[in-house]
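Asks: show me how the following folds:
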Amino acid sequence: GARGKSRKNAEEKNQNQRRKKKSAKLLVKNVAFEATSKDVRALFEAFGHVKAVRVPKKMDGSHRGFAFVEFLSAQEAATALEALASTHLYGRHLVIDFAENEAQAVAQL
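Replies: Numbering: from 1, shown residues only. Modelled structure (predicted):
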């Protein structure tokens, strides 16, 4: 029926939006507080050349539960995002998405 078709179009539209958003930088949420930037880097380095890892810290030195991982290419970032979609670090399920830009990403948290 016509209803199935409109759902398919909506799905394609969602995929296109995701594709458009691809960047070389990933936003990793739900990072366990005992995880260090070294832990995060080690996890992501298996999937490409990691240019930078940032784990924003609070005033007291503990981090805020998220990290930025920047790859050399958007393709490497996409590979890591797919491969690590169901990964746990220190028992917490990592929530990974493309980072639009840091200021915007932090504002959304």
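Asks: C-alpha only now, for contacts and for neighbours.
Replies: OK.
Asks: isn't N30 right up against F66?
Replies: Yes. Contact criterion CA atoms under 8 Å: N30 and F66 qualify, at 6.0 Å.
Asks: more crowded one of those two?
Replies: Higher neighbour count among N30 and F66: F66, with 21 against 16, using other CA atoms under 10 Å.
Asks: phi, psi of the more buried one?
Replies: Here is the backbone geometry of F66 (degrees, to the nearest 10): phi -150, psi 170.
Asks: output the below-cut-off pLDDT ranges for the protein.
Replies: Across the chain, the ranges flagged by pLDDT under 70 are 1-21, 101-109.
Asks: would you map the strands across it?
Replies: 25-29, 50-54, 66-71, 88-89, 92-93, 95-98 (DSSP state E).
Asks: want to throw the ones you listed into a markdown table with distance to S37?
Replies: Shown next, in a markdown table, are these (distance: least, CA to CA, whole Å):
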| stretch | distance to S37 |
| --- | --- |
| strand 25-29 | 11 |
| strand 50-54 | 6 |
| strand 66-71 | 8 |
| strand 88-89 | 12 |
| strand 92-93 | 15 |
| strand 95-98 | 15 |
